[in-house]
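Chemist: have a look; sequence and predicted model below, questions after that.
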Amino acid sequence: MKYEFSKIEKKWQAYWEAHNTFQSGKEVSKPKYYVLDMFPYPSGTGLHVGHLEGYTASDITARYKRSRGYNVLHPMGWDAFGLPAEQFAIKTGTHPKTTTENNIRSFKETLQAMGFSYDWQREINTTDPAYFKWTQWIFLKLYEMGLAYMSEVDVNWCEELKTVLANEEVEEKIADGYTVIRRPLRQWVLKITAYADRLIADLEDLEWPDNVKQMQRNWIGRSEGVNIDFELRCHNKKLRVYTTRPDTLFGATYLVISPEHPLAEKLATAQQLVEVKNYIKGAKLKTELERTGLQKEKTGVFTGTYAINPATGQPLPVWISDFVLTSYGTGAIMSVPAHDSRDWEFAKQYNLPIIEVIKSPHDVQEKVFEDKDSTCVNSSNSEINLDGLKFSESFEKMATWLETKKLGERKVNYKLRDWIFSRQRYWGEPIPIKHYEDGTLRTETSLPLVLPEVEAYHPSSTGESPLANIPHWLFGTDEHGAFRRETNTMPQWAGSCWYYLRFIDPKNSLQLIDPEKERYWMNVDLYIGGAEHAVLHLLYARFWHKVLFDLGVVSTKEPFKKLFNQGMILGEDNEKMSKSRGNVIPADHVLERYGADAVRLYEMFLGPLEQVKPWNTNGIEGISRFLSKVWRLVYPEHSLQPAPLTEEPMQEELLRRMHKTIKKVIDDTENLKFNTAISEMMVFVNELQKAGCKNRTAVESLLIMLSPYAPHITEELWESIGHATSISSTPFPTYNPALVEDSVLTIAVQINGKLRGTFLAPAKSPKEYLLTEAKKVESVIKFLEGQTIVREIVVADKLVSFAVK
RNA sequence: GCCAAAGUGGCGGAACUGGUAGACGCGCUGGACUCAAAAUCCAGUGAGUGAAUAACUCGUGUGGGUUCGAUUCCCAUCUUUGGUACCA
């Protein structure tokens, strides 16, 4: 019988569906394992081979864990709110709901054709009112806790999209060809900064890649410093700056404030006023990106005003420059040009003094010295002396001095900013807030607040969402009077911030999640997805999770215990797959040609899961050959009947190979090193074939080991050799440790580090025996002749090494 | 610029805590089977010298170092990829 993958794969997919093979949650006495994919946005372009990589990895893990006796939760759903469906609606008038439904259908077909063992009864969709009812519920909790507030903020306004973009999205949109300007608008904002410290601290215990943890820490950007108040000459006011280097106060030679600083214009002397005004005007025209990114040369303007350095009593000119950000710290800095490269550049540009206060190996007039490891110099007055102290001591001493003199106070700052949470779009969760005529706000009493049908999906010309154009939805009256509904909707991130919880209890209409089920299933044991979500999605989800923890909705501090980022699959030309390059390999295409098992195996065999690697269609042929070999183990060529399996004992070598293979496949599968697990199974199959082995244990062990990787062919062969139940519920084979080690080993002999010969020796041979035997090897004798052995090294079971002269 | 990761045959990659570099697969070469082809099977395949399945030399981006021994550790350097954008 021939191996016809298309017939077999359809047969078993239908079987699994009919038998609810992968329904989870029944056997709560077993240990649980929750393995989750980052759920996709169902786009119109369909899935390509790159998408399938992570899903295959999680599916192998899910199937493997089931086979090892775990109660596995492995769900899938749709992150279906989003811009593309809305844009398509604007263009064609098709309701985003229709577009979304069509795309979901096509995505689901592909995923099912891959044989993924999802529990489809738990499927969720973020645009389903039964789902977003709870997204809105969480928002109201945030509002009640004071974590959601409205603010008139300078936002990134995109004229073409008529919407506000998050800071994080700006670059991407500009790259897509949109223009973005700054403009003030009323926005809902979430106070993620209130959780900054916990978001850093709790990273500690997570099994996440170190680089992702580091990226999150950098993004939050906690820094410890001091706010210092500088006395201003000829003004009653003080100027407050933030610094992380109070230890260098003696070296501060000028101050800089941002153009948006409230004092910017007030500090300008009559003589400088025109120039200052022009500079401030110029800065307003630039976007944040222009100001911070492209510009290499520093610009600035002197206000004409001087402040007093509290340590030295020297006058410090106050400058205005746009390299100082309004949104960070106090919007003002003290400049220590000798020990900060930006300050140094600025000082050189405008000929300001540079004073060395940290012992430098070179002249600071020539080059900046930023190292913190050195000690202070030129840093004393009648009250304080920092000379000779290292950073941590001098920081402490100066901070304390400033605090006692009431000149400043310690302050922790973050780069992280609060999260602008509203969007001026139709296709998103409505924010369930009512605005009354007297200016009060009330929450919607009945959730979900659903989207009304609209005629057109264009944003309103005022910058509000299309919802502002629907009077019957927009306006209403209740016992508190007449109200207008909030027209902003939530960003796409909202639905993905908590979906992992809903999979645990997807149909609960009374609660977000049943606490008992939550305690059983949380945390997510393994979360697999692309590295592009390293910061935003994962940070937002962690933030919401902590809020839910504080509310008592969840019992764990963190949502995702172990995170794994799969590497991108590139096109055959070694470039990132994209429509414009025309190098996209669509999933359906390869599935039809090679079958799900081959695609699954090949994607895993390509290389380490975390690595970026190019697709090569030729390579998949080798996997097809491997599957045919497995098939022929059961159905010899030209035979319609499966070959009878025997109970005849295996040759010792083959038996040891089997146990080695089992061990390696277990170890590698646990560690997501699927490429080497597959190669080990290939070796085993090659040897079985060469030996013509039809031993039942050998063949069955192979099929079970292979089943998480290639579920369809193994189900079929499992049935062929006489089993009535699914291979997916069969326990994984175990190995005998005694049989994993070889009994006879090849020992290498090195002379001065070069390999000069090998010999065979029984395992665990004593040192003396190995030395004696090594000296008997012909090629070794030759090299030892006329030489003096100065050292003999023996590594048990591995090698003998002689150092000679 | 800064931060992180990585450079191994024609190609994707393998190599445990320093211990026989190149597993497995692709590709290629030769052979068997066939009228022929496909499929399958067998043998070979890092480079060089060599008649050789003898032997030796070189070889994990480059240059040094530590070591009996380095793809692995250290220093310097080049290249590539990802992240980030003056955060005081």
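Modeler: That came through fine.

Chemist: average pLDDT across stretch A:742-752?
Modeler: Mean pLDDT, computed over stretch A:742-752, is 85.

Chemist: again with stretch A:699-712
Modeler: Mean pLDDT, stretch A:699-712: 96.

Chemist: ok, that stretch near RNA strand B or not?
Modeler: No: contact between stretch A:699-712 and RNA strand B is absent, the nearest approach being 12.9 Å (criterion: C-beta under 7 Å from any atom of the strand). C-beta coordinates here come from the backbone N, C-alpha and C atoms, glycine included.

Chemist: could I have that stretch exported to PDB, CA atoms only?
Modeler: Taking C-alpha atoms only, stretch A:699-712 is exported to PDB below (Å, rounded to 0.1, in the frame of the first residue of the first chain):
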ATOM      1  CA  VAL A 699       8.300   0.000  15.700                       C
ATOM      2  CA  GLU A 700       5.700   1.000  18.300                       C
ATOM      3  CA  SER A 701       8.200   3.100  20.200                       C
ATOM      4  CA  LEU A 702       9.100   4.900  17.100                       C
ATOM      5  CA  LEU A 703       5.500   5.600  16.100                       C
ATOM      6  CA  ILE A 704       4.700   7.000  19.500                       C
ATOM      7  CA  MET A 705       7.800   9.200  19.600                       C
ATOM      8  CA  LEU A 706       7.100  10.500  16.200                       C
ATOM      9  CA  SER A 707       3.400  11.100  16.800                       C
ATOM     10  CA  PRO A 708       3.600  14.600  18.300                       C
ATOM     11  CA  TYR A 709       5.700  15.600  15.300                       C
ATOM     12  CA  ALA A 710       3.800  13.800  12.500                       C
ATOM     13  CA  PRO A 711       0.400  12.900  14.000                       C
ATOM     14  CA  HIS A 712      -1.400  11.700  10.900                       C
END
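
Chemist: in that stretch, what's buried?
Modeler: Within stretch A:699-712, the residues scored as buried using 16 or more other C-beta atoms under 10 Å are A:699-712.

Chemist: ok, which pair from those is furthest apart?
Modeler: The two members of the buried residues of stretch A:699-712 with the most space between them (C-beta to C-beta) are A:701 and A:712, at 18.7 Å.

Chemist: distance of residue A:312 from RNA strand B?
Modeler: 17 Å (C-beta to the nearest atom of the strand, to the nearest Å).

Chemist: my bad, should have said residue A:372
Modeler: As judged by C-beta to the nearest atom of the strand, residue A:372 and RNA strand B stand 12 Å apart.

Chemist: per-residue pLDDT, that residue?
Modeler: Per-residue pLDDT puts residue A:372 at 78.

Chemist: doesn't it fall inside a helix?
Modeler: No: counting by DSSP: H, G, I helix; E, B strand; the rest coil, residue A:372 falls outside a helix, being coil.

Chemist: hmm, back to that, strands - which of the buried residues of stretch A:699-712 land there?
Modeler: Secondary structure defined by DSSP state E assigns none of the buried residues of stretch A:699-712 to strands.

Chemist: number of nearby residues for residue A:577?
Modeler: Around residue A:577 there are 22 other residues, counting by other C-beta atoms under 10 Å.

Chemist: hang on, it packs against residue A:586?
Modeler: No: with contact defined as C-beta atoms under 8 Å, residue A:577 does not count as touching residue A:586 (9.9 Å).

Chemist: any shared contact partners between these two?
Modeler: Common contacts of residue A:577 and residue A:586, defined by C-beta atoms under 8 Å, 6 or more residues apart in numbering, comprise residue A:48.

Chemist: what separation is there between the spatially closest residue to residue A:269 that is not a sequence neighbour and RNA strand B?
Modeler: Once flanking residues are discounted, residue A:269 sits nearest to residue A:304: 3.1 Å by C-beta to C-beta, 6 or more residues apart in numbering. The gap separating residue A:304 from RNA strand B is 22 Å, by C-beta to the nearest atom of the strand.

Chemist: residue A:459 too?
Modeler: Taking C-beta to the nearest atom of the strand, one finds residue A:459 at 26 Å from RNA strand B.

Chemist: thought that residue was touching residue A:425?
Modeler: Yes: under the criterion of C-beta under 8 Å, residue A:459 makes contact with residue A:425 at 7.3 Å.

Chemist: return the residues in contact with residue A:336.
Modeler: For residue A:336, the contact set (C-beta under 8 Å, 6+ apart) comprises A:245, A:248, A:249, A:251, A:252, A:253, A:343, A:357.

Chemist: against residue A:280, how distant is the residue nearest to the first one when sequence neighbours are not counted?
Modeler: If you skip the residues right next to it in sequence, residue A:245 has residue A:336 as its closest partner in space, 6.4 Å away by C-beta to C-beta, 6+ apart. Remark: distance between residue A:336 and residue A:280 (C-beta to C-beta, to the nearest Å) = 25 Å.
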